[in-house]
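Participant: Please work out how this folds:
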Amino acid sequence: MSRRLLSLVLCSFAFLLFGLPETGLAQFSGNISGVVTDPTGAVVANASLVLTNKSTGEKRTVTSGSDGVYQFVSLAPAAYELVSTLSGFTPAHISLTLGTNQNLNLPVTLVVGGETQQVNVNTEAAVLDIGETRQQETLSTETLSTLPLAGRNMISLVTLAPGVTGTGVTSNGSPGSGRDNYSTETQVDASANGMGAVGNMYIVDGLDVSSSIRPGVLNMTPNPDSIQETTIQTNTYNVDYGRSSSIQMTMTTKSGGNRYHGNASDYFNYQGFFAGTEFSKTYTPFHSNNISATIGGPIIPHKDGFFFFAIEPLRSSTAVSSNITFEDPAFTAFAQTNFPNTIGTLLLTKYPVTKVNNVTVASTAAGVFPATSATPCGTAASNFLPLRHSYP
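Facilitator: Predicted coordinates:
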């Protein structure tokens, strides 16, 4: 018997609402801060600092305080440009990339000079970020696109983080298929620093998607094509999610930018892709089409903001080797004739059993309603059910 499953998962609707207010960025907890100084090390107050998201063009402006300190809060992971200006100093341009939930310490040095000059600095990921004390692994969208994912499930990548042990998301038992994204509850075999898996926490765009009933269990597995970046933290968590004691996996969905981008894919699998073994030369027939499609970009007119949409349908069939009991087609015909308007007849007609082998007769109407019973076949007591109807 074959089974077909068609599931639709709408994984990400980032910036889909028209005219989304700026306060919508509060779901992010990345920060950039530092001190503005001159070449002698003296602090510079009242410097204007403009932070621009290179993907969306969004700008944030702050002013350094009397102690030279500035700070940008609630930032999404993205590539940014920071421009610092003050009368009598050369404008400083700094290009940088901010990770998910990263607290970046970025000092700014302003050089005395004319406004026609400028200083350009391209920053690279530091080996040691002095603004952080936590231990984490960051996986970008490029990494998620290139790494092999069993069942298209990105949660197994949690085992890549330092200090994490375990097998990740285990297989569901079908040949060649891992645990996919369609389970309402996903148990992850992973833990960190000697703590149990029940202390794991999973966050998508600031929302805790861990089960409130079964600790450490994931209630939603996103489409990896909808994730811009994920971080796996194993110690010194942010106060926002400090209640986790083992692993904190934070995922940030993509948002649209100034240009339209999208992708479409189909991950096809079937028994012919698997080599035989000493114990099994062939596999029970199965196949799956795990489809993914995304699109994002500016909402027209551009001033209204950006949108991103992702969808992940799954269509699969698996041969099942087991004994089942079902109604004989003749019984279905009998029900259609004598009870055409009942729910039972509707179910028998709408969902017929197909593609079965080795059919044998399990019982007949004569056996279920023998002549010696109070409801013999062929009488009004048994609704005139014929003796010959069988139940394989």
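
Participant: CA only for contacts and neighbour counts going forward, please
Facilitator: OK.

Participant: what's stretch 225-243 in contact with?
Facilitator: By Cα atoms under 8 Å, 6 or more residues apart in numbering, the residues outside stretch 225-243 that reach it are 11-12, 77, 99-101, 133-141, 144-145, 158, 161-164, 192-193, 246-254, 292-294, 309-310.

Participant: Pull the distance from it to the chain's centre.
Facilitator: 14 Å (Cα atoms, centre = their mean, to the nearest Å).

Participant: do the same with stretch 335-345
Facilitator: Chain-centre distance of stretch 335-345: 44 Å, with Cα atoms, centre = their mean.

Participant: mean confidence for stretch 57-73?
Facilitator: In this model, stretch 57-73 has an average pLDDT of 93.

Participant: Check stretch 275-285 too.
Facilitator: The model assigns stretch 275-285 a mean pLDDT of 79.

Participant: Return the set of buried residues in that stretch.
Facilitator: Within stretch 275-285, no residue counts as buried by 16 or more other Cα atoms under 10 Å.

Participant: Ok, stretch 363-376 next?
Facilitator: Neighbour-count burial for stretch 363-376 [16+ other Cα under 10 Å]: 364-366, 369, 375-376.

Participant: Tell me the helices and strands packed up against the longest helix belonging to the chain.
Facilitator: In the chain, taking DSSP state H as the definition, the longest helix is helix 329-338. Helix 329-338 sits against helix 343-350, with contacts defined as 3 or more Cα pairs under 8 Å, 6 or more residues apart in numbering; DSSP states H and E.

Participant: so the helix it packs on versus helix 329-338, what angle?
Facilitator: Going by axes from the mean of the first three to the mean of the last three Cα atoms, to 10 degrees, helix 343-350 is angled at 130 degrees with respect to helix 329-338.

Participant: Other residues contacting helix 343-350?
Facilitator: Residues contacting helix 343-350 (Cα under 8 Å, 6+ apart): 332, 335-336, 339-340.

Participant: Setting aside sequence neighbours, what's the nearest residue to Leu104?
Facilitator: Ile32 (4.8 Å; Cα to Cα, 6 or more residues apart in numbering).

Participant: Mind telling me what element the one you found is part of?
Facilitator: For Ile32, the host element (DSSP states H and E) is strand 30-37.

Participant: Would you list the phi and psi of the residue most central in space within the chain?
Facilitator: Ranked by distance to the mean C-alpha position of the chain (Cα atoms, centre = their mean), the top residue is Pro222 at 1.3 Å. When read as degrees, to the nearest 10, the backbone of Pro222 gives phi -80, psi 160.

Participant: begin at 53 from here
Facilitator: Got it, the first residue is 53 from now on, which makes the last one we talked about Pro274.

Participant: My guess is it contacts Asp232. True?
Facilitator: No: using Cα atoms under 8 Å, Pro274 is not in contact with Asp232, being 10.3 Å away.
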